[in-house]
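S.K.: Below is the structure, and that's it, no one-letter string:
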């Protein structure tokens, strides 16, 4: 249970794949609280930048009625229909659309693409299960399972900055796809190995002294 203030708390799945799939659509307060509680970083929230290099975040979800002329969306948003009667307001401004759309269900994405005359593509660290990664950003789609895949920048500098935050399955899949070793994870494993050896030597020394 993660609280973002006195008036709101919600259940959050801290498992890596679920956390990354969910966190992009959270408010800033909830994301910060969840990162602290789950001891994880929401990669997708800090990667897409708009004009003036100001970091943007996904817009809150507003439900609407796609079957009514007055759908309930405040201007200039439009209503995009999903599955099972679900519909939500979407922002057709290109920058915000591309930030928001990877977190929508596939049916909403298809509807929004038509309504906005845009094409939803994955940005750096967003999902690419139901969409392609943005070719203009030279991103590669890396899959860890049938339910999760994300856009990865295989450029050496960006890759090394990102890979230390990935869970083991993601790191292994990205290393194979990008043909690049994650130096930060290698250093972490070496440090852990050194600590393990040091602890073992300490125990052996204490055992010998007590004998």
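M.R.: That came through fine. This structure is a prediction, so every number in the text was calculated from the model and none was measured.
S.K.: With the flanking residues excluded, which residue is spatially nearest to residue 103?
M.R.: Take residue 103 and drop its neighbours on the chain: the residue closest to it by Cβ to Cβ, 6 or more residues apart in numbering is residue 25, 4.5 Å away. Using the backbone N, CA and C atoms, a C-beta is placed for each residue, glycine as well.
S.K.: Do I have it right that the one you found meets residue 101?
M.R.: No: counting by Cβ atoms under 8 Å, residue 25 does not reach residue 101; the two are 11.0 Å apart.
S.K.: between those two, which one's more packed in?
M.R.: residue 101 (26 against 19; other Cβ atoms under 10 Å).
S.K.: Relative to residue 150, how far out is the more buried one?
M.R.: 15 Å (Cβ to Cβ, to the nearest Å).
S.K.: And residue 162, by the same measure?
M.R.: To residue 150, residue 162 is 10 Å away according to Cβ to Cβ.
S.K.: So which of the two has more stuff around it?
M.R.: Shown here are residue 162 and residue 150; by other Cβ under 10 Å, residue 150 has more neighbours (28 against 21).
S.K.: quick one: the more buried one is in a helix?
M.R.: No: counting by DSSP: H, G, I helix; E, B strand; the rest coil, residue 150 is located in no helix; its state is strand.
S.K.: pLDDT at it, what is it?
M.R.: On pLDDT, residue 150 comes in at 94.
S.K.: Hmm, residue 130 and it touching each other?
M.R.: No: the pair residue 150 / residue 130 is not scored as a contact, 11.9 Å apart, by Cβ under 8 Å.
S.K.: Could you give the bridge partners of residue 141?
M.R.: Taking DSSP bridges as the rule, residue 141 bridges to residue 151.
S.K.: Tell me the pLDDT of it.
M.R.: On pLDDT, residue 141 comes in at 96.
S.K.: Next, count neighbours for it.
M.R.: Residue neighbour count, defined by other Cβ under 10 Å, stands at 16 for residue 141.
S.K.: Kindly report the same for the one 10 residues further on.
M.R.: Applying the criterion other Cβ under 10 Å, we find 24 residues in the vicinity of residue 151.
S.K.: This completes my enquiry, with thanks.
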